[in-house]
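Trainee: My questions concern the predicted model and sequence given below.
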Amino acid sequence: MSIASFPPGTRVACYPGSFDPVTNGHLDIINRASGLFDYLVVCVLHNPGKEPLFTTPERVQMLEQSCRDIPNVVVDSYDGLLVDYLQKKGIRIVIKGLRPISDFDFEFEQALMNKRLNNAVETLFMVTSTTYSYLRSSLVKELARFGSFPPGLVPVHVETKLRERFRAPERQTPLETGGSGLA
Ligand code: ADP
């Protein structure tokens with residue numbers, strides 16, 4: 001499904017972010033938000049304040065692979081202001097995930113500025129699930145840099161990309177290690 005082909009009158013929302021890389025916290029928001037709209041456009045934005053680990057096409061690919069079983073999710077990318085992207089695509093609703101404390105000030109400011117730039121834009125906040133409230137991409141990258149890959153933080157294919165990037169060996173299954181599988 002491409003953005004150009006949304007049927008008229010459908011309810012479309014945009015979930016923007018860096019997704020460097022996508023985490024299970026992002027995917028929790030994507031899963032929940034996609035159930036509330038006809039289409040959810042997940043948009044990888046270029047943040048001039050952050051030097052990304054993965055290129056935009058890599059981040060888009062990881063999101064596409066993660067969302068391939070959610071038929072009403074479309075992944076896109078944009079190098080510019082979010083409000084300009086929304087205007088171009090005719091989208092008015094922005095979904096943001098809200099983690100305790102850390103996100104509020106920044107997201108509040110962003111939402112107000114976006115409204116100031118385009119009064120038609122509405123930002124809706126979805127509260128994080130408790131399981132992922134501590135999870136952010138930068139923390140995942142920090143751990144990966146030191147060779148730590150706790151299970152359940154990112155999809156398996158994203159873990160593989162992180163291991164490639166940091167040249168860390170793949171997780172070994174009990175069969176590969178010759179162990180009993182009980183350890
Ligand atoms: P990160 O802080 O992980 O680098 P992004 O810039 O990619 O995040 O964030 C995109 C959006 O996803 C933001 O609205 C952010 O608040 C939200 N988000 C990120 N991680 C989580 C999480 N663990 N739970 C809920 N929302 C999240």
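Mentor: Everything's here; your move.
Trainee: Which helix or strand in the chain has the lowest average pLDDT?
Mentor: Every helix and strand of the chain was ranked by mean pLDDT, DSSP states H and E. The lowest is helix 174-177, at a mean of 50.
Trainee: three-state assignment of residue 120?
Mentor: Three-state assignment for residue 120 (DSSP: H, G, I helix; E, B strand; the rest coil): coil.
Trainee: Whichever helix or strand residue 162 is part of close to the ligand?
Mentor: Mapping residue 162 onto the secondary structure by DSSP states H and E places it in helix 156-165. No - applying C-beta under 6 Å from any ligand atom, one finds helix 156-165 out of contact with the ligand, separated by at least 12.3 Å. In short, each C-beta sits where N, CA and C put it, glycine included.
Trainee: quick one: the residue lying closest to residue 38 once chain neighbours are set aside from the ligand, how far?
Mentor: In space, and not counting its chain neighbours, residue 38 is closest to residue 10: 3.9 Å by C-beta to C-beta, 6 or more residues apart in numbering. As judged by C-beta to the nearest ligand atom, to the nearest Å, residue 10 and the ligand stand 23 Å apart.
Trainee: Isn't residue 10 up against residue 40?
Mentor: No - using C-beta atoms under 8 Å, residue 10 is not in contact with residue 40, being 11.1 Å away.
Trainee: Counting neighbours, go ahead and name the busier of these two.
Mentor: When residue 10 and residue 40 are compared for neighbours, residue 40 comes out ahead with 27 against 10, by other C-beta atoms under 10 Å.
Trainee: what helices or strands is the helix or strand hosting residue 27 leaning on?
Mentor: For residue 27, the host element (DSSP H and E) is helix 24-34. If contacts are counted by 3 or more C-beta pairs under 8 Å, 6 or more residues apart in numbering; DSSP states H and E, helix 24-34 sits against strand 12-17, strand 39-45, strand 93-98, strand 122-127.
Trainee: Understood, closing this out.
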